[in-house]
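Asker: structure for the following, please:
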Amino acid sequence: MKTLVIGLASRDAIRARARIIARGEHKPAPDEPKIWFTSMRSLAEVLSDDNRALLRLIHEAKPESVNRLAELSGRAPSNLSRTLRTMEHYGLVELRRQSRQVRPVAKASEFLIRAA
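Answerer: Numbering: from 1, shown residues only. The predicted structure is shown next:
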């Protein structure tokens, strides 16, 4: 499992960075953040203690479905699905669709946070 670099900056700073990258004026280095948050509050909500424990559980148990993950974690499947979709939006989890099931895959379990 790799360490994911997360950036914390204002919405304007994130947009400005995206523009200079799109114009080709800056090529992001491999160690630069790939995921950005606009506030510590939103970062703390997504990477809460419970959600980091969930990422570890996904990484270690490698559940074959969201329902199996719900059983392992003791969380309700509907609540868990909502959390996983949020984590997928930020690139922390990949939800692989396999026939009639969705298999969660953790993309990282360790994080390096860089605040601008």
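Asker: hey, let's count contacts and neighbours off CA atoms from now on
Answerer: Fine.
Asker: gap between residue 75 and residue 45?
Answerer: Here the criterion is Cα to Cα, to the nearest Å. By it, residue 75 lies 17 Å from residue 45.
Asker: same thing with residue 31?
Answerer: 24 Å.
Asker: kindly report the same for residue 84.
Answerer: Residue 84 is 13 Å from residue 45, by Cα to Cα.
Asker: next: residue 65.
Answerer: According to Cα to Cα, residue 65 and residue 45 sit 24 Å apart.
Asker: so for these two, which sits in the more crowded spot?
Answerer: Set residue 65 next to residue 45 and count neighbours by other Cα atoms under 10 Å: residue 65 wins out with 19 against 11.
Asker: my read is that that one contacts residue 99, right?
Answerer: No: the criterion here is Cα atoms under 8 Å, and residue 65 misses it with residue 99 at 11.0 Å.
Asker: in this structure, which residue is most central in space?
Answerer: Taking Cα atoms, centre = their mean, the centroid of the chain lies closest to residue 92, which sits 2.1 Å from it.
Asker: who touches that one in this structure?
Answerer: Counting by Cα atoms under 8 Å, 6 or more residues apart in numbering, residue 92 touches 106-108.
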